[in-house]
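> Sequence plus predicted model, see below.
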Amino acid sequence: MIKVCIADSFPVVIEGLQSYLQNNSNIEIIGTAKNLESLLTILDNKRCNVVILEVELDGLSSIRDIKNLLKDFPEIKIILFTRVSEQMYGPTAIKTGVSAYVSKNSSLKDLESTILKVVDGNVIFSETVRKSMEILSKGKKSERLFKKLSTREIEVLRYLNNGKKNKEIAQILGLDEKTISTYKLRLLAKLNVTNLVDLLKKAKDLDII
């Protein structure tokens with residue numbers, strides 16, 4: 001029996017997944033979490049094979065938090081089930097050790113199939129993420145310049161795209177506001193633009209967000 005924990009800040013998502021997955025005789029939902037703290041409590045006290053995790057889970061501020069989860073609980077497989085752009089976050093997540101990246105635009109049947117596959121040791125990600133990873137390793141220098149952003153730069157870009165100010169991003173990521181300003185300047189330089197509006201437009205044009 002595959003023991004699964006669902007971690008999502010929205011009850012409707014949790015209830016929907018529970019309702020659907022309970023029909024699978026190979027899957028048992030051993031717990032649900034609405035924030036990072038409750039997820040850690042479940043993982044500390046119950047045996048779990050797979051965590052279905054929303055990137056925007058309350059308390060989960062950085063890809064480093066996911067990396068720490070995998071370090072502290074090496075026996076679990078993490079499936080990111082999220083609305084966050086896979087083009088922006090997918091390659092970094094896969095490199096961190098996540099077993100799958102599934103968009104919330106996907107069908108529940110696809111998610112169910114992914115659970116079964118990752119338990120067998122497969123790593124599941126879309127053709128979009130595959131192409132992004134190929135660009136990072138084999139693409140032209142000009143393409144790599146735009147695509148090869150650091151983990152922190154990707155996170156800052158994500159929050160900027162969500163309308164967050166430097167101070168808000170600093171609080172979310174636990175960093176100094178000046179540090180966020182530095183990341184923002186790096187993003188402007190790497191994407192060869194001079195202001196935030198052009199930065200976000202360029203990132204969208206390049207399919208980074």
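Nice, thanks for sending it over.

> who touches Asn105 in this structure?
Counting by Cβ atoms under 8 Å, 6 or more residues apart in numbering, Asn105 touches Arg83. Where C-beta positions appear, they are placed from N, C-alpha and C, glycine not excepted.

> nope, Asn192 is what I was after
Applying Cβ under 8 Å, 6+ apart, the residues near Asn192 are Lys202.

> And the strands in this structure?
2-7, 27-33, 50-53, 77-82, 100-103 (DSSP state E).

> so which of these is the most packed in?
Of all the strands of the chain, strand 50-53 carries the top mean neighbour count, a mean of 25, counting by mean count of other Cβ atoms under 10 Å.

> tell me the mean pLDDT over it?
The pLDDT scores in strand 50-53 average 98.

> Any figure for the gap between the residue nearest the centre of the chain and Lys184?
In the chain, the centroid-proximal residue (Cα atoms, centre = their mean) is Val55; its distance is 4.4 Å. Distance from Val55 to Lys184, counting by Cβ to Cβ, to the nearest Å: 21 Å.

> do Asp198 as well
Asp198 sits 13 Å away from Lys184, going by Cβ to Cβ.

> For those two, indicate the residue with more neighbours.
Between Asp198 and Lys184, counting by other Cβ atoms under 10 Å, Lys184 is the more crowded of the two (18 against 13).

> Quick check: closest non-adjacent residue to that one.
Distances taken as Cβ to Cβ, 6 or more residues apart in numbering put Val156 closest to Lys184, at 6.4 Å, once the chain neighbours are dropped.

> Please apply the same query to Lys164.
Closest to Lys164 by Cβ to Cβ, 6+ apart is Ile172, at 7.2 Å.

> Ser106: neighbour count?
Ser106: 13 neighbours (other Cβ under 10 Å).

> Enumerate every residue touching the residue lying closest to Tyr183 once chain neighbours are set aside.
Of all residues not flanking Tyr183 in the chain, Val156 sits nearest, at 4.4 Å (Cβ to Cβ, 6+ apart). Val156 makes contacts with Ile169, Leu173, Ile180, Tyr183, Lys184, Leu187, as judged by Cβ under 8 Å, 6+ apart.

> Out of those, show me where the pLDDT dips lowest.
Leu173 (87).

> how close does that one get to Ile6?
As judged by Cβ to Cβ, Leu173 and Ile6 stand 25 Å apart.

> Check Tyr159 too.
25 Å.

> same question, Leu21
8 Å.

> any common contacting residues for these two?
Joint contacts of Leu21 and Ile6 (Cβ under 8 Å, 6+ apart) are Ile29.

> Mind splitting the chain into its structural domains?
Per automatic domain parsing, the structural domains of the chain span 2-129, 139-205.

> Need the winner for burial among these.
Highest mean neighbour count among the domains of the chain (mean count of other Cβ under 10 Å): domain 2-129, a mean of 17.

> For the residue nearest to Asn26 when sequence neighbours are not counted, give the beta-bridge partners.
Nearest residue to Asn26, sequence neighbours excluded (Cβ to Cβ, 6+ apart): Ile2, at 5.6 Å. Per DSSP bridges, the residues bridged to Ile2 are Ile27.
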